[in-house]
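Return a 3D structure for these sequence lines:
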Amino acid sequence: MTQQGISEDNILGIRIGMGKRDVLRLLEDSDILDTDDMGNGYVWVKCWIRPFGQRILCSICLRDGFVVEIDLYPNINEITGDESWTDASEEQMEKDKVCCESWIKKYKTQLPDNAEVCADRRNLSAGIIIR
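Presented below is the predicted three-dimensional model:
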């Protein structure tokens, strides 16, 4: 994310209700990993963002061209770089959940109030969801 996307009230720069064009302006082309049009009005943009000087994985859900959900995965960053399910396990999901909880505590004042940790036992994954 470029500096223009950073504001004092939300370090992510991306907000619920923001239009797709505005979101894409904040991202560098090289940071967009994938765009998945679900064919029902929902589009997911998977990308790298750089809040707090860290590069982390982010999925942005747009409905009818506007952001409705932001998923953050601080446990998947440029250091780990791997989001494969080869190591998926309940134990790894719990470690990822703890990582996400600690990340929210550390940056609480700079994240939206509704940021929460979500652990998905079916997919053995954990992340931070903003709706």
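
which helices and strands does the longest helix seen in the chain pack with?
Counting by DSSP state H, the longest helix found in the chain is helix 90-107. Packing partners of helix 90-107 (3 or more CB pairs under 8 Å, 6 or more residues apart in numbering; DSSP states H and E): strand 66-77, strand 116-120, strand 125-130. (Glycine included, C-beta is placed from N, CA and C.)

That one versus strand 125-130: what angle between them?
Computed by axes from the mean of the first three to the mean of the last three CA atoms, to 10 degrees, the angle separating helix 90-107 from strand 125-130 equals 30 degrees.

who touches helix 90-107?
11, 51-52, 72-75, 111, 115-117, 119-121, 124-128 (CB atoms under 8 Å, 6 or more residues apart in numbering).

swap the cut-off to 6 Å and go again
Contacts of helix 90-107 with the rest of the structure, by CB atoms under 6 Å, 6 or more residues apart in numbering, involve 74-75, 115, 117, 119, 124, 126, 128.
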